[in-house]
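A.B. asks: Output the structure for:
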Amino acid sequence: MDSAQQEKVRKFEEFVDRRLKPDLVHAIGERDKVFEQQKIFSDLRRNIENLEKNSVTSLRTRVNLGSEVYMQADVPDTRHIFVDVGLGFHVEFTWSEALNFIAAREEKLARQIEEYTRLIASIKAQIKMVCEGIRELLQLPVTEV
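C.D. replies: Now for the predicted structure:
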């Protein structure tokens with residue numbers, strides 16, 4: 001193999017290592033964050049539905065103050081709840097308003113997960129294509145995975 005081919009192979013490998021693999025790791029990390037948000041909203045929806053189903057209008061609970069320090073809290077009226085809508089803002093909702101907001105947010109999160117999944121598949125395809133190009137440059141036999 002001549003030095004021009006070696007240089008091409010080196011550039012392809014560098015492109016995969018410095019661009020595609022970090023992009024793949026970042027996309028997977030971002031999708032995981034969206035999955036976490038989706039779980040939070042799913043849990044909130046389930047809790048609100050349980051409150052509605054059991055007609056709970058007040059409750060006693062433990063609140064995490066931070067650093068795993070808890071205190072007991074009494075909630076005199078559970079019919080209105082505060083939901084984190086992002087950027088540090090919390091909005092007071094009735095149960096039905098909160099469920100509508102959660103449904104809309106869950107749809108948005110599902111779309112984001114689909115977009116990240118397509119991006120991840122695209123990056124993986126690009127990596128495979130570059131590896132195939134390297135294989136052809138090196139004139140290696142095709143191996144089935």
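A.B. asks: Stretch 24-33: how far from the chain's middle?
C.D. replies: 7 Å (CA atoms, centre = their mean, to the nearest Å).
A.B. asks: mind listing what's buried in it?
C.D. replies: When burial is assessed from 16 or more other CB atoms under 10 Å, stretch 24-33 yields the following buried residues: 24, 27, 30-31. Using the backbone N, CA and C atoms, a C-beta is placed for each residue, glycine as well.
A.B. asks: Looking at those residues, spot the one nearest T57.
C.D. replies: Taking CB to CB as the measure, R31 is the one of the buried residues of stretch 24-33 closest to T57, at 38.6 Å.
A.B. asks: Contact partners for the closest one?
C.D. replies: Contact partners of R31, counting by CB atoms under 8 Å, 6 or more residues apart in numbering, are 112-113, 116-117, 120.
A.B. asks: mean confidence for the helix or strand harbouring it?
C.D. replies: Element membership for R31 (DSSP states H and E) is helix 21-53. Helix 21-53 comes out with an average pLDDT of 96.
A.B. asks: I'd like to know how many residues surround V34.
C.D. replies: Neighbour count of V34, defined by other CB atoms under 10 Å: 18.
A.B. asks: Distance check, it against I123.
C.D. replies: Shown here: V34 relative to I123, a distance of 17 Å by CB to CB, to the nearest Å.
A.B. asks: got it, and G133?
C.D. replies: G133 is 16 Å from I123, by CB to CB.
A.B. asks: Excluding chain neighbours, give the residue nearest to the residue nearest the centre of the chain in space.
C.D. replies: Central residue of the chain (CA atoms, centre = their mean): V34, 2.3 Å from the mean position. Nearest residue to V34, sequence neighbours excluded (CB to CB, 6 or more residues apart in numbering): Q112, at 4.8 Å.
A.B. asks: Now do the same for the one you found: helix, strand or coil?
C.D. replies: With DSSP: H, G, I helix; E, B strand; the rest coil as the basis, Q112 sits in helix.
A.B. asks: Is it correct that it is in contact with F35?
C.D. replies: No: using CB atoms under 8 Å, Q112 is not in contact with F35; the gap is 9.7 Å.
A.B. asks: higher neighbour count, those two?
C.D. replies: Q112 (17 against 14).
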